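A.B. asks: Below are the sequence and a predicted model; questions follow.
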Amino acid sequence: MGVLRDGDAHHGNYPMNAHRSFTARADIETILAGLGAARIDVPVLQPADPFLDMAGEELRRRIFVTQSETGEALCLRPEFTIPVCMAHLAAQSGPARHGYVGTVFRQRRAGSSEFLQAGIEDIGAADTLDADARSVADAATMIGRLGVPEGAVETVLGDQTVFDAVLAALGLPAGWRLALAHAFGSDAALAATLDRLSRPAPMPEMPAAIADPARAGDRAALEAAIAGEMRAASLPDAGGRAATDIAGRLLAKVEAAQHLPDPARLDALRAFLAISAPLAAAPDALAQWQSDAGVDISDAVAALSARTDALAARGRDPQAITYRSSFGRRLDYYTGLVFEVRARDGTVLEGGGRYDRLLPLLGAEAPTPGVGFSVWLDRVARAAGGVS
């Protein structure tokens, strides 16, 4: 097998088989068309704010940011999902499947900061279960057509909505749920957060004018008190946003300090996060967990079971997909299904998921569902090249 050369997809050669070679771009565009995705192009230079506000810390710290002549914050395109969603909204089109291939720019621990990605964003599909299943199936098809056999990879799947349902069913304080949601997708961060929550949290130090409404949970009075303290100290308030943000964080800290650790609930959460099973067995594993924990997440279990059936209907064997309850992807816009396709050495070759809150945040006037995946073409080339 050949490999993709460094640089833009226009130039790399990637043999599809032993008899015929195509340019990388032509190969991928052919695959995208075969999967029913219309090609879309988005500019390399993008407004930075949507990525800074919606992508999450994992991506934010890797973005290359610059400034326009008018002072607008810009960045080199660090991924495709957000720009494709913005282009979809600008076109004011109905449901669509967008396919793309091009260079992204982000700082990486190893390898070039410029690398090729391709993928599909499925926006506006009303049948979200089928759209989720199709995204996982298309990811498998695409990687196979790029030369990586199914036996050389594994698919790992998780679900943000199941995690959220567990946190709600356990009756955890809002501050705890916020901290755990922020850590979701990182086993190390989840373990550290659980360890911190297992110890009493200190009450934050506050001036009396702020402490009284904070301890009473009176948000309006707290915001007014914070704004007054800021004015007295000649600090800018940015139209009230700073006082609002500070009040929210302070109320979360006060709430955490007012709740003593509950070992039983934390142990139940640890037991949930330890669930790892073939997707076909995951609904039963979750049903057993809810019985052991004495809580009700039956709606989430039913939804996962329906997703399992949808994947089977799309030709994906649920027995061959691993469900991990602690698995997430470190992008803030994901809302439900998340998945990765990995080489046997653990290298992530593809990743994707559902992002129903992203398009409304970008300005969609009505709720607009979305799901998609991206392929790291440099990693796929190495994986394909190592297959005999």
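C.D. replies: Right, received. Where do you want to start? Numbers count the residues shown, from 1 in each chain.

A.B. asks: for the protein, what spans make up the strands?
C.D. replies: Here the chain has its strands, by DSSP state E, at 13-15, 21-23, 38-39, 45-47, 65-67, 73-76, 96-105, 114-123, 153-159, 276-278, 321-324, 337-343, 348-354, 370-376.

A.B. asks: Turn those strands into CSV, columns for mean pLDDT and mean neighbour count.
C.D. replies: From N, CA and C alone the C-beta is placed, and that goes for glycine too. CSV is the format used below for the strands of the chain (pLDDT from 0 to 100; neighbours: other C-beta atoms under 10 Å):
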stretch, mean pLDDT, mean neighbour count
strand 13-15, 37, 18
strand 21-23, 38, 14
strand 38-39, 95, 12
strand 45-47, 94, 16
strand 65-67, 88, 12
strand 73-76, 93, 17
strand 96-105, 96, 21
strand 114-123, 95, 24
strand 153-159, 96, 22
strand 276-278, 98, 15
strand 321-324, 98, 21
strand 337-343, 96, 23
strand 348-354, 97, 23
strand 370-376, 97, 24
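
A.B. asks: Dump the ones you listed into TSV; add distance to I31 as well.
C.D. replies: Listed next are those as TSV, based on distance: least, C-beta to C-beta, whole Å:
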stretch	distance to I31
strand 13-15	11
strand 21-23	10
strand 38-39	11
strand 45-47	25
strand 65-67	33
strand 73-76	26
strand 96-105	8
strand 114-123	8
strand 153-159	16
strand 276-278	28
strand 321-324	21
strand 337-343	15
strand 348-354	13
strand 370-376	10
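
A.B. asks: Looking at those strands, spot the one closest to I297.
C.D. replies: Nearest to I297, of all those, is strand 153-159, at 11.2 Å by C-beta to C-beta.

A.B. asks: So, low pLDDT: which residues of this protein?
C.D. replies: For the chain, the stretches with pLDDT under 70 are 1-24, 236-241, 259-261, 386-388.

A.B. asks: dump the residue contacts of the nearest residue to T161 once chain neighbours are set aside.
C.D. replies: Distances taken as C-beta to C-beta, 6 or more residues apart in numbering put G336 closest to T161, at 4.9 Å, once the chain neighbours are dropped. Residues in contact with G336 (C-beta atoms under 8 Å, 6 or more residues apart in numbering) are T128, D132, D159, Q160, T161, G353, R354, D356.

A.B. asks: I'd like the distance between G336 and Q46.
C.D. replies: 25 Å (C-beta to C-beta, to the nearest Å).

A.B. asks: okay, stretch 371-388 in PDB with CA atoms only?
C.D. replies: Extracted C-alpha coordinates of stretch 371-388, given in PDB (Å, rounded to 0.1, in the frame of the first residue of the first chain):
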ATOM      1  CA  VAL A 371     -24.300  13.900  13.500                       C
ATOM      2  CA  GLY A 372     -21.000  13.300  11.700                       C
ATOM      3  CA  PHE A 373     -17.500  11.900  11.700                       C
ATOM      4  CA  SER A 374     -14.000  12.800  10.700                       C
ATOM      5  CA  VAL A 375     -11.200  10.600   9.400                       C
ATOM      6  CA  TRP A 376      -7.500  11.300  10.100                       C
ATOM      7  CA  LEU A 377      -6.100  10.500   6.700                       C
ATOM      8  CA  ASP A 378      -2.400  10.500   7.700                       C
ATOM      9  CA  ARG A 379      -3.200   7.900  10.400                       C
ATOM     10  CA  VAL A 380      -5.300   5.800   8.000                       C
ATOM     11  CA  ALA A 381      -2.500   5.800   5.500                       C
ATOM     12  CA  ARG A 382       0.000   4.500   8.100                       C
ATOM     13  CA  ALA A 383      -2.600   1.900   9.300                       C
ATOM     14  CA  ALA A 384      -3.300   0.700   5.700                       C
ATOM     15  CA  GLY A 385       0.400   0.600   4.900                       C
ATOM     16  CA  GLY A 386       1.100  -1.700   7.900                       C
ATOM     17  CA  VAL A 387      -1.500  -4.200   6.700                       C
ATOM     18  CA  SER A 388      -0.100  -7.200   4.800                       C
END
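
A.B. asks: What's the local residue count around A232?
C.D. replies: 9 (other C-beta atoms under 10 Å).

A.B. asks: Please identify which of the contacts of G336 is nearest to L89.
C.D. replies: Nearest member of the contacts of G336 to L89, counting by C-beta to C-beta, is D356, at 14.3 Å.

A.B. asks: Tell me if I'm right that that closest one and P369 touch.
C.D. replies: Yes - the pair D356 / P369 is scored as a contact, 4.8 Å apart, by C-beta atoms under 8 Å.

A.B. asks: Brilliant, that's me finished.
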